[in-house]
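Trainee: A structural model of the following input is requested.
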Amino acid sequence: MARSKSSSSRWRYVNPAYYLKRPKRLAMLFIAFVLGTWLVWDRQSLFREHEVRIFDLNLVFIVNQVLKSGGRCQRLLARGARPSLLLDAGTNYDNCQEFPEFATVGLEEVTDAGMGFEKLSNWQIRVANRDLWDSGDDAAPAKDGWWSTGYGGPRSGGRRQCSMDEVTKLLAEVRRLQEELEGVKIGRSTKNEYSRQEVVLDDPLDVERRQKVKEAMLHAWGSYEKYAWGQDELQELFSSWLLFSLALHANMHAFIPTMQPQSRSGINSFGGLGATLIDSLDTLYIMGLDEQFHRAREWVANSLDFNKDYDASVFETTIRVVGGLISAYDLSNDKIFLEKARDIADRLLPAWDTPSGVPYNIINLAHGRPHNPGWTGGDSVLADSGTEQLEFIALSQRTGDPKYQQKARVKYDCIQLVENAITALNKSFPADGLLPIYVSPDSGNPSYATITFGAMGDSFYEYLLKVWIQGNKTAAVKHYRQMWETSMKGLLSLVRRTTPSSFAYLCEKSGDAVNHKMDELACFVPGMLALGSPGYGPGDSEKFFSLAEELAWTCYNFYQSTPTKLAGENYFFHSGEDMSVGTSWNILRPETVESLFYLWRLTGNKTYQEWGWNIFQAFEKNSRIESGYVGLKDVNTGVKDNMMQSFFLAETLKYLYLLFSPPTVIPLDEWVFNTEAHPLRIVARHDSSEQRYRPVIQRRSRKVGPN
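Mentor: Purely as a prediction, here's the structure:
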C-alpha cells in the first residue's frame, strides 16, 4: 500500500540520503552531536574531579596523621588506602607488622603507577592514640575510635563527620598542595620510569627555599667542577693590588662584595684525594643532581688513587673520604664506592697499631707509617682519635669483614677506658665523663689539658651518642649511651649564662681554671642534645632538650650579633657583656645549621627554619662570588678569604637543604649522620653480613654503575 505524503515526510529525517542532498542540515546535525557529547563528557569530568578532590582531602588527612604519628603504620590504619599512599605519606611499609596486607606488597607494586588515584573505596582512619589529635575535642575521633573525613563510604553509618570549618581548612590545604600532588601522579605514571619525588606534600615556601639552596649547591659545585676538578678544594687567587685594596677599604662594606678573584685553581689540602668531590657525592644525590653525581662517580671509578706518598690525617680522611664513599654507596647501592672505601680504610688501619690501641693521628698512605704531629708533644688528639667508629663499623657491616669494626672497638675502648675498667690501663672512665683533648697513644692515659666541646674535643662526644644510634640502640651498644649520659652530666657543669640577656653558653676548663670562651664548633651540641634527649626519662629528657634550645638561641645570636650576620670562629663572655667576637673569621662552618636541622626535625617548629634561612641569606650576601663561595677574614668588616671549604658542600648546604625538606627525606630513624654530615644507614651492630638497602629516594631502573 502506498504511503500518504504526510507519513513519508515524517520518515525522511532518518533517511541518510535526505542529508546528503542538504549539506547545511548535515553540518547542523554534526554540531548538535558534538555539543551533546561535550555536555555529557563535561558532567562526567566534573564528577571525576569531585572524586579526586575528595581523595586529595582524605590523602591530606591520612598524611597529616601519619606524620603526627611518626610515619609508622603501627600508629595508624588507613582502611581502603593502598600501601602506595602510605609510602607516599612517609610511612615505612616494612614496619607494618600489624597489617600484613600492607607488608606483603613489594616495593615495585607499591610504586607502580598502575595504581590509580581514584579507586579509594572507603576513606576512614582509625587513630590508635588520641594524643595525635591537637585540634581540641571538636576534632577528636568518635568514641568507637573511628573517624570519617566527610565521605565515609558505605560503612560510615552514624560515625562522626568533619565539621564544615574543618573540611574547608583541609580543602584549602589540598589546593595549596595540588601542584605537588599532580606532580606525583604524573611522575609515577610509568613503571620503572625515573621519579625522584622526595616530597609528596610540601609547604610552597619550603619548596622555594629548598630550590634556592639547591641553586647555591649548583653554583658551588659548578665552580669546583670548572676550576678545581679532582682536586681537594677550590682556591680563589687575588692579584696583589686587589689585596692592597681590600686592606685599604676594609671598612667599606659596599665596596668589598664587588671584589672578584683574578684567577681560580684547585689546592690539594688533603693530599689530592678529591675531598670536595667525595664530600659532595651524597649532597648531589639527595638534591637530585643526577648528571653531576654521575660525572663525580666516573671520576671516583677511573681517577681516584689512594697510593700517594702523603701524610694524611686519619681523622679528616675517615670522616670525609671513608664516610663520603660509604654514604654514596648506601644511597646509590653502587659498589664502586664500597670498593674505594675499603681501599682507603686498609691504608688507615696501621694507625691503630699502638701499645694502647689509641691511634696515631697521621699516616703515610703509600708506606703505612703512622705518627703524631709535632705540635701535640707526641700525644693523640681526643677528637681525632675518637671519631672513626661510625665509618669503620659501617664498613665492616657492608663488607662482611669484621676487622674494621674490631680496630675501631679496640681503639674506642682505650680512649674511653670503657667496658669493665680496662685492666691494662687500670683506670676508669672519668666520673664527669669529660676527657682532656690530648691522650697518650702509648699508655692510653689522658694528659693534663683543656676540656672543651669545641675544637679537638667536640666530635668525640658526638660519636658516643651516634654509635649507640647506629647500633639500633640495642644492648650491644648500650654502654656507649651510658658513657654519653655520663659526659652530658659533665657538660652541665660547663654551662654558664650571660648578663643581661641570659644567653646559655659552654665554657672551657683547664684544671680548675675556667675560660669563658665558646667555639662556633661547639654549636653542634644543641643538635646532639636534641637527638639524644628522647633516650632519657621524662624529667631529664625535658631538661636536656630545653638546654638544647637555649644553646641554639645563643649560637644563632653568634650570627645575628655581627654586621655581616655571619658568626666568628669563637666568642668570649665577660661579666656584664653578653658576647664578643674573639677570632673573627668565618669559614662557612655548618654546626649551627646542623643543630637547627635537628631541632626542626624533632619539634616541627618553623622558627628554626627561619633562623636557618637568615643564615643562608647571610652566606649569599657575603660569601657568594662569581666562582663559588668563600669565607670571611673578618665578620665585622666583610673582608673575604680565598677558600671554598669542602664541608660547605658536604655539610652546610646539605643541612640547609634538609632543613626545608620533609622528614621523609633521610629520616632520622633510618639514618645517622657522621660528623661530616654523611648519612649512613642504621644497621644492627651485631649484623656483619652485607646488606641490600632500600634506597631512600627512588632511582631510575638504569643503574648508575655496576651493582
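Trainee: isn't there a helix covering His219?
Mentor: Yes - when DSSP: H, G, I helix; E, B strand; the rest coil is applied, His219 is found to be in a helix.
Trainee: Quick check: which ranges of the stretch 501-650 of the chain have low pLDDT?
Mentor: Within the stretch 501-650 of the chain, not a single segment meets pLDDT under 70.
Trainee: residue boundaries of the helices in it?
Mentor: 525-532, 538-560, 591-603, 607-622, 646-647 (DSSP state H, counting those that start in this stretch).
Trainee: how much does the first one deviate in direction from helix 591-603?
Mentor: Relative orientation of helix 525-532 versus helix 591-603 (axes from the mean of the first three to the mean of the last three Cα atoms, to 10 degrees): 30 degrees.
Trainee: and the gap between Glu520 and Gln482?
Mentor: Noted for Glu520: a distance of 29 Å to Gln482, by Cβ to Cβ, to the nearest Å. Heads up, the C-betas are built off the backbone N, CA and C, glycines and all.
Trainee: Backbone torsions only: list them for the nearest residue to Gly576 once chain neighbours are set aside.
Mentor: Excluding its sequence neighbours, the residue lying closest to Gly576 (Cβ to Cβ, 6 or more residues apart in numbering) is Thr499, at 5.8 Å. The phi/psi pair for Thr499 (degrees, to the nearest 10) reads phi -120, psi 140.
Trainee: neighbours around the closest residue to Thr498 other than its chain neighbours, how many?
Mentor: Ranked by Cβ to Cβ, 6+ apart and with sequence neighbours excluded, the top spatial neighbour of Thr498 is Asp578, at 4.6 Å. Here the count is done by other Cβ atoms under 10 Å, and Asp578 has 18 residues near it.
Trainee: from memory Asp578 sits against Arg497, does it?
Mentor: No - Asp578 lies out of contact with Arg497 (Cβ atoms under 8 Å); the separation is 10.0 Å.
Trainee: Distance check, Ser493 against Lys509.
Mentor: Taken as Cβ to Cβ, the span from Ser493 to Lys509 is 8 Å.
Trainee: Find residues that contact each of the two.
Mentor: Common neighbours of Ser493 and Lys509 (criterion: Cβ atoms under 8 Å, 6 or more residues apart in numbering): Leu434.
Trainee: Settle it for me: which of the two has more neighbours?
Mentor: Each of Ser493 and Lys509 has its neighbours counted (other Cβ under 10 Å); Lys509 has more, 16 against 12.
Trainee: contacting residues around the spatially closest residue to that one that is not a sequence neighbour?
Mentor: Using Cβ to Cβ, 6+ apart and skipping the chain neighbours, the partner closest in space to Lys509 is Ile451 (4.6 Å). Contact analysis of Ile451 by Cβ under 8 Å, 6+ apart lists 434-437, 457, 494, 508-510.
Trainee: quick one, phi psi at Ile451?
Mentor: phi -110, psi 120.
Trainee: Kindly state the pLDDT recorded for it?
Mentor: Listed pLDDT for Ile451 reads 95.
Trainee: same check, this time on Pro83
Mentor: The per-residue pLDDT reported for Pro83 equals 39.
Trainee: Kindly report the same for Thr399.
Mentor: 87.
Trainee: Kindly report the same for Leu277.
Mentor: At Leu277, the pLDDT recorded in the model is 98.
Trainee: how close does the nearest residue to it once chain neighbours are set aside sit to Arg320?
Mentor: Closest residue in space to Leu277, ignoring its immediate chain neighbours: Ala296 at 5.3 Å, by Cβ to Cβ, 6+ apart. Remark: distance between Ala296 and Arg320 (Cβ to Cβ) = 14 Å.
Trainee: Those two: which has the busier surroundings?
Mentor: For the pair Ala296 and Arg320, the greater number of neighbours falls to Arg320 (27 against 24), based on other Cβ under 10 Å.
Trainee: was I right about the more buried one contacting Asp279?
Mentor: Yes - here Arg320 reaches Asp279: they are 5.4 Å apart, a contact under Cβ under 8 Å.
Trainee: and the chain, what are its domains?
Mentor: Using automatic domain parsing, the domain parsing of the chain gives 58-187, 204-681.
Trainee: how far away is Glu626 from Lys640?
Mentor: With Cβ to Cβ as the criterion, Glu626 and Lys640 are 12 Å apart.
Trainee: Of these two, which one has the most company?
Mentor: Set side by side, Glu626 and Lys640 show more neighbours around Lys640, with 24 against 10, by other Cβ under 10 Å.
Trainee: From Trp611, how far off is that one?
Mentor: Applying Cβ to Cβ to Lys640 and Trp611 gives a distance of 24 Å.
Trainee: Next: Lys466.
Mentor: Taking Cβ to Cβ, one finds Lys466 at 24 Å from Trp611.
Trainee: Check Ser575 too.
Mentor: Taken as Cβ to Cβ, the span from Ser575 to Trp611 is 28 Å.
Trainee: The two: who's more crowded?
Mentor: Ranked by neighbour count (other Cβ under 10 Å), Ser575 and Trp611 place Trp611 first, with 24 against 7.
Trainee: Could you give the number of residues near the closest residue to that one other than its chain neighbours?
Mentor: Counting by Cβ to Cβ, 6+ apart, Trp611 lies nearest to Tyr556, which is 4.9 Å off, once chain neighbours are set aside. Counted by other Cβ under 10 Å, the residues lying close to Tyr556 total 24.
Trainee: And Pro430, by the same measure?
Mentor: Close neighbours of Pro430, defined as other Cβ under 10 Å, add up to 16.
Trainee: Kindly report the same for Asp458.
Mentor: Neighbours around Asp458, by other Cβ under 10 Å: 24.
Trainee: How about the contacts made by it?
Mentor: Asp458 neighbours (Cβ under 8 Å, 6+ apart): 383, 452, 519, 521-522, 524, 675.
Trainee: Mind checking which of those residues are in strands?
Mentor: In this view, the contacts of Asp458 that belong to strands under DSSP state E are Asp519.
Trainee: Farthest-apart pair in the contacts of Asp458, please.
Mentor: Thr452 and Thr675 (15.6 Å; Cβ to Cβ).
Trainee: ok so, going back, any shared contact partners between Asp578 and Arg497?
Mentor: Phe503.
Trainee: Assumed Pro663 was part of a strand.
Mentor: No - assessed with three-state DSSP, Pro663 is coil; it does not lie in a strand.
Trainee: Leaving out chain neighbours, which residue sits closest to it?
Mentor: Distances taken as Cβ to Cβ, 6+ apart put Arg601 closest to Pro663, at 5.8 Å, once the chain neighbours are dropped.
Trainee: How about Asp384?
Mentor: Phe315 (3.8 Å).
Trainee: show me what contacts the one you found?
Mentor: 361, 381, 383-385, 387-388.
Trainee: just to revisit the earlier point, for the residue nearest to Thr498, give its distance to Ser501.
Mentor: 5 Å.
Trainee: One more: Glu520?
Mentor: 18 Å.
Trainee: Quick check on these two: which one has the bigger neighbour count.
Mentor: Neighbours were tallied for Glu520 and for Ser501 using other Cβ under 10 Å; the higher tally belongs to Glu520 (24 against 12).
Trainee: so what's Val467 up against?
Mentor: 389-390, 393, 412, 477, 480.
Trainee: let's see 7 Å
Mentor: Neighbouring residues of Val467 by Cβ atoms under 7 Å, 6 or more residues apart in numbering: 389-390, 477, 480.
Trainee: just checking, Pro350 touches Pro370?
Mentor: Yes - assessed by Cβ atoms under 7 Å, Pro350 is found in contact with Pro370 at 5.6 Å.
Trainee: Of these two, which one has the most company?
Mentor: Neighbours were counted for Pro350 and for Pro370 using other Cβ under 10 Å; Pro370 has more, 21 against 18.
Trainee: Tyr360 is in contact with that one, correct?
Mentor: Yes - counting by Cβ under 7 Å, Pro370 touches Tyr360, with 3.8 Å between them.
Trainee: Need the residues touching each of those two.
Mentor: In terms of Cβ under 7 Å, 6+ apart, Pro370 and Tyr360 are both contacted by the residues Ala351.
Trainee: picking up where we left off before, and the contacts of Phe315, which of them are in strands?
Mentor: Val381.
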